[in-house]
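K.L.:
Just to be clear, the model below is a prediction. Sequence and coordinates:
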Amino acid sequence: MDLLEFKQQFVKTDLGITDEFGRMATMIDFGNVNHWFEEDRQDADNKALAEDEKLVIDLQGLGDFSALFSPDVRFYYGHDPDNNGSIGFIAAAKHIFGRNRVFTKRIQFIRHHLKPEELETNTRAMFADAEGQFVRLPKCNFDVEIAVDAIRRMAEYDTLVLMSSDADFVALSRFLKSKEKKIILIKGGHITTGLRDVADLVVNAQKIKKYITILEKAGIKQKPGN
């Protein structure tokens, strides 16, 4: 057994992925995944984070981790063409996951008019119109795209690994189960009972924190422990 095979077996055992899951395809709903660790105040070793530290997703780590158990990993995330950082992020994702496995579309911004009690705690840029002050909230989900791809490619996998906590995937999961497919759900935070019940295996994101996060300290990213 070489080093790669050892890593693959270790991760599968760690997550509870047995041979019965067969061929696996992974679909990453990154708009959901990106928020998994926002409120965490401990790193992967349960060490408290400093006030100026936070955990963010390590895109390369996410790609390397997913590839250990799934030869087909697909990444879904929106972009803002007016934001160079957003365009650069999508380019990095294509480098890691492959140009043909990254799916994106333009982010839409929704006006949210602030209530008086929201004005004091708001940290977003504010704008104003005839109705008052508002912030622009990004909206870009990929429920339909993920569902279409999962159904269209059913012949290519035995198990769908879905990285998301979105309740909108209950219907897709039930349909795939009716076609004798298995579902592995890797989720952060709360999920609905319906989504939990339909999955063959549920993996809490805290269990994979050590594989896919990086520590960001005052804007400087570093691997946890560095």
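P.N.:
Sure thing, it's come through. Numbering: from 1, shown residues only.
K.L.:
For the helix or strand harbouring residue 13, list every residue counted as buried.
P.N.:
Per DSSP states H and E: residue 13 is located in helix 3-15. Within helix 3-15, the residues that count as buried by 16 or more other C-beta atoms under 10 Å are 8, 11, 12, 15. Bear in mind the C-beta positions are built from the backbone N, C-alpha and C, glycine included.
K.L.:
Format those as a markdown table; extra columns: distance to residue 148.
P.N.:
Formatted as a markdown table, the buried residues of helix 3-15 follow (distance: C-beta to C-beta, whole Å):
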| residue | distance to residue 148 |
| --- | --- |
| 8 | 29 |
| 11 | 29 |
| 12 | 28 |
| 15 | 27 |
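K.L.:
rewinding a little: keeping just the C-alphas, turn the helix holding residue 13 into PDB.
P.N.:
In PDB, the C-alpha atoms belonging to helix 3-15 read as follows (Å, rounded to 0.1, in the frame of the first residue of the first chain):
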ATOM      1  CA  LEU A   3       1.100   6.700   0.700                       C
ATOM      2  CA  LEU A   4      -2.000   7.700  -1.400                       C
ATOM      3  CA  GLU A   5      -3.700   4.400  -0.800                       C
ATOM      4  CA  PHE A   6      -3.000   4.700   2.900                       C
ATOM      5  CA  LYS A   7      -4.500   8.200   3.000                       C
ATOM      6  CA  GLN A   8      -7.600   7.100   1.100                       C
ATOM      7  CA  GLN A   9      -8.200   4.200   3.400                       C
ATOM      8  CA  PHE A  10      -7.600   6.300   6.500                       C
ATOM      9  CA  VAL A  11     -10.100   9.000   5.400                       C
ATOM     10  CA  LYS A  12     -12.700   6.400   4.400                       C
ATOM     11  CA  THR A  13     -12.400   4.600   7.700                       C
ATOM     12  CA  ASP A  14     -12.400   7.900   9.600                       C
ATOM     13  CA  LEU A  15     -15.700   8.900   7.900                       C
END
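K.L.:
Name the next helix or strand following that helix along the chain.
P.N.:
Toward the C-terminal end, the helix or strand that comes next after helix 3-15 (DSSP H and E) is strand 24-29.
K.L.:
Give the other helices and strands that that next one contacts.
P.N.:
Identification of packing neighbours for strand 24-29 by 3 or more C-beta pairs under 8 Å, 6 or more residues apart in numbering; DSSP states H and E yields helix 59-67, strand 72-76, helix 143-152, strand 159-163.
K.L.:
buried set for that strand?
P.N.:
24, 25, 26, 27, 28, 29.
K.L.:
ditto for stretch 148-158
P.N.:
Buried-residue list, stretch 148-158, by 16+ other C-beta under 10 Å: 149, 150, 154, 157.
K.L.:
closest to residue 107 among the residues you listed?
P.N.:
Checking those against residue 107 by C-beta to C-beta gives residue 149 as the nearest, at 19.8 Å.
K.L.:
Any regions of the protein where pLDDT drops low?
P.N.:
Within the chain, the stretches with pLDDT under 70 are 218-226.
K.L.:
And the strands in it?
P.N.:
Remark: strands assigned in the chain by DSSP state E are 24-29, 53-57, 72-76, 102-103, 108-113, 127-129, 132-139, 159-163, 182-187, 201-204, 213-217, 220-222.
K.L.:
Mark out where each domain of the protein begins and ends.
P.N.:
Annotated domains of the chain cover 16-105+140-222, 108-139 [automatic domain parsing].
K.L.:
Comparing these, which comes out most buried?
P.N.:
With neighbours defined as mean count of other C-beta atoms under 10 Å, the domains of the chain peak in mean count at domain 16-105+140-222, which reaches a mean of 17.
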